[in-house]
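Participant: Build the 3D model from these lines:
(2 chains)
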Amino acid sequence: MDLKIATWNINSIRIRLDHLANFSKEHQPDIIALQETKCSNEHFPHQALEEMGFPYRINHGEKAYNGVAILSRIPIETYGNEDFNGSQHTRHQAVEIKHGHTSSKAPLILHNFYIPAGGDVPDRNVNLKFGQKLDYLTNLANWFKDDTNPHSENMILVGDLNIAPLETDVWSHKQLLKVVSHTPIEVEHLKAVQKAGNWHDVMRHFTPEPEPLYTWWSYRAKDWRASNRGRRLDHVWVTPKMADKATSVEVVTKVRDWEKTSDHAPVLTTFKL
DNA sequence: ATGGCTTACAAAGTAAGA
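Facilitator: Predicted coordinates:
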């Protein structure tokens, strides 16, 4: 079977329900992992999402900020959520995907992350948020290394990781070296997470360097396509067992053109199970 | 020219994004 998984920092789920409906209709994803839902569980728009064709929904949100959710057409069950830096922010949700095509005994796990943005100044001595971002990544790496945590050989990790690791993941490597999201210390921390879980970068498998690849463009540009000052902040990673099952990845830039859209474009990945 | 915009909020200016 084909399994289509989208990841999208939607920047408020409630204000963009129509966009979500249009995106779902056009691309027919089986599963959508959302970040920055900015919505407590109490106000989560279950009915609208049910009508959109997502009978399985897991929201892990809070009022006003952060928040992750996973919507699905096929059964999913929670596999846990972690607070990796003690901030009590809702930034992680893992689910088991019950796809029913069990060629392997190991469960198929999807991790959805919203990693802290990290504030303005890339120095933990003057900017607490930057320290919290680095700590989140350090603790995440340790969590993946620790065999007492629930892991599977079949895992997919998606989300807004808020770091553009490669030189061609940003519009200007030189001009962004001191800008939070592309500083060398953040890149090191992200690579440590990648190594700890033996994660493979699916987006760069299909679009190798040095081809530029972005998923986020600032709201402030008059014409985001013309200036094209993008960054690849959103990612799709897989464990080695899942790497050859991925058949395509698309950054759906068309959505970034929509009226009052998110500053992140959705990323759509297809797997053959 | 990276902050020019965008969001949430027991609402008029803050906080936060990145």
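Participant: In CSV, list the C-alpha atoms belonging to the helix ranked longest in chain A.
Facilitator: Secondary structure of chain A per DSSP state H: the longest helix is helix A:128-145. Provided in CSV are the C-alpha atoms of helix A:128-145 (Å, rounded to 0.1, in the frame of the first residue of the first chain):
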residue,chain,number,x,y,z
LEU,A,128,17.4,31.8,27.6
LYS,A,129,15.4,30.5,24.7
PHE,A,130,18.5,29.7,22.7
GLY,A,131,19.8,27.6,25.7
GLN,A,132,16.4,25.8,25.9
LYS,A,133,16.6,25.0,22.2
LEU,A,134,20.1,23.5,22.5
ASP,A,135,19.1,21.6,25.7
TYR,A,136,16.0,20.2,23.8
LEU,A,137,18.3,18.8,21.1
THR,A,138,20.8,17.4,23.6
ASN,A,139,18.1,15.7,25.6
LEU,A,140,16.5,14.4,22.4
ALA,A,141,19.8,12.8,21.2
ASN,A,142,20.2,11.1,24.6
TRP,A,143,16.6,9.9,24.5
PHE,A,144,17.1,8.2,21.1
LYS,A,145,20.4,6.6,22.4
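Participant: quick check: angle from the very next helix or strand once past that helix to helix A:128-145?
Facilitator: Downstream of helix A:128-145, the next assigned helix or strand under DSSP states H and E is strand A:154-160. Strand A:154-160 runs at 170 degrees relative to helix A:128-145, counting by axes from the mean of the first three to the mean of the last three Cα atoms, to 10 degrees.
Participant: partner strands of strand A:154-160, parallel or antiparallel?
Facilitator: If you go by DSSP bridges, strand A:154-160 pairs up with strand A:108-114 (parallel), strand A:234-238 (antiparallel).
Participant: TSV please, covering those strands and showing mean neighbour count, distance to DNA strand B and mean pLDDT.
Facilitator: C-beta coordinates here come from the backbone N, C-alpha and C atoms, glycine included. Below are the strands paired with strand A:154-160 laid out as TSV (neighbours: other Cβ atoms under 10 Å; distance: least, Cβ to the nearest atom of the strand, whole Å; pLDDT from 0 to 100):
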stretch	mean neighbour count	distance to DNA strand B	mean pLDDT
strand A:108-114	24	7	98
strand A:234-238	25	9	98
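Participant: looking at the sheet around the most centrally placed residue in chain A, what are its partners?
Facilitator: Computing the C-alpha centroid of chain A and ranking residues by Cα atoms, centre = their mean puts A:Gly159 first, at 0.7 Å. Beta-bridge partners for A:Gly159, by DSSP bridges, are A:Phe113, A:His235.
Participant: doesn't A:His235 make contact with it?
Facilitator: Yes: counting by Cβ atoms under 8 Å, A:His235 is a contact partner of A:Gly159 at 6.8 Å.
Participant: Common neighbours of these two, please.
Facilitator: Shared contacts of A:Gly159 and A:His235, defined by Cβ atoms under 8 Å, 6 or more residues apart in numbering, comprise A:Thr7.
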